[in-house]
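*Asks:* Take this sequence and fold it.
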Amino acid sequence: MPGYLCGMNARAFRYMAIPASCSFSRAARLSAALVTLLAAPLGGCSFDLGSWGADKERPQPVAEKPTDNISARSTNDSQGYATRGQVLARSGKTEEALAEFDRAIALDPYNVQALYGRGLIYQGEKQYQKAIEDFTAANGLTPQRAEPLLARATSFLAIDKPKEAASDLDEAVQADPNSAQAWSVRGAAYERLGDKAKAFTCYSRALALRPRDEAARSGLTRTGG
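*Replies:* Numbers count the residues shown, from 1 in each chain. Purely as a prediction, here's the structure:
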């Protein structure tokens, strides 16, 4: 996996590949991993998503709505499960967190926190297609947010789809022009596509926003800086 994926930063927790030879149990390896992947490009992606639409009208999803009605109680219960999932995920208890996010989504398919959080867990476990589906749903519900786009782009890069990643990142930097992470990963995507000039511009922008971004600095050197 490319270096920029292994060094990705999400302030709250990170994912990182753990060698199979490790003597840790699967749960212990995942717990350690959750303290290590999203370390640079996903700096804005944390489990603290309580402000996402909390005091706003529920955004309309791009995907077709479910036909069943969602009661206020279901919405509140769903939010409770999502919050517990966030706490468990930050503690490295990914299996328990995943179960809470599943419960949240079953009660409220529009719970963007649960969709996004579950996507991050799938991404950390390298279940990239499932992660992409959850990030797509989260993006449909919050098209003005950069985080789901950035997270989905990361999964696209992991499965060698830089064109799709670049498209997401083009939108992400429009949604949040001050996201150093988005600019850095966008540079990586365009570098993979062979567009060194655009990659150079992205890496330069990332470094202007975050001078200690080593992934962007290395990318700048590779693309002619």
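*Asks:* and the next element down the chain from the helix or strand that Trp183 is a member of?
*Replies:* Assigned by DSSP states H and E, Trp183 belongs to helix 180-192. Downstream of helix 180-192, the first helix or strand assigned by DSSP H and E is helix 196-209.
*Asks:* which of the residues in that next one are buried?
*Replies:* Buried residues in helix 196-209, counted by 16 or more other CB atoms under 10 Å: Lys198, Ala199, Phe200, Thr201, Cys202, Tyr203, Ser204, Arg205, Ala206, Leu207, Leu209. For the C-beta atoms, the positions are set from N, CA and C on the backbone; glycine is no exception.
*Asks:* Give me the packing partners of it, helices and strands only.
*Replies:* Helices and strands touching helix 196-209, by 3 or more CB pairs under 8 Å, 6 or more residues apart in numbering; DSSP states H and E, are helix 180-192, helix 214-222.
*Asks:* rerun at 10 Å
*Replies:* When contacts are defined as 3 or more CB pairs under 10 Å, 6 or more residues apart in numbering; DSSP states H and E, helix 196-209 sits against helix 162-175, helix 180-192, helix 214-222.
*Asks:* Just name the most buried of the ones you listed.
*Replies:* Greatest average neighbour count among these goes to helix 180-192 (a mean of 28), per mean count of other CB atoms under 10 Å.
*Asks:* got the angle for it vs helix 196-209?
*Replies:* Using axes from the mean of the first three to the mean of the last three CA atoms, to 10 degrees, the inter-axis angle of helix 180-192 relative to helix 196-209 is 160 degrees.
*Asks:* and the end-to-end length of stretch 83-103?
*Replies:* 11 Å (CA to CA, to the nearest Å).
*Asks:* Setting aside sequence neighbours, what's the nearest residue to Ser179?
*Replies:* Ala146 (5.4 Å; CB to CB, 6 or more residues apart in numbering).
*Asks:* An error on my part: the question was meant for Phe200.
*Replies:* Nearest residue to Phe200 in three dimensions, chain neighbours excluded: Thr223, at 4.2 Å (CB to CB, 6+ apart).
*Asks:* ok, now which ones touch that neighbour?
*Replies:* 187, 190-191, 195-204 (CB atoms under 10 Å, 6 or more residues apart in numbering).
*Asks:* Please tell me how far it sits from Ala138.
*Replies:* Distance, Thr223 to Ala138, by CB to CB, to the nearest Å: 31 Å.
*Asks:* buried sites along the one helix or strand Gly80 maps to?
*Replies:* Here Gly80, judged by DSSP H and E, is contained in helix 72-90. Going by neighbour count (16+ other CB under 10 Å), the buried part of helix 72-90 is 74-75, 78-79, 81-86, 88-90.
*Asks:* I appreciate the help and will end here.
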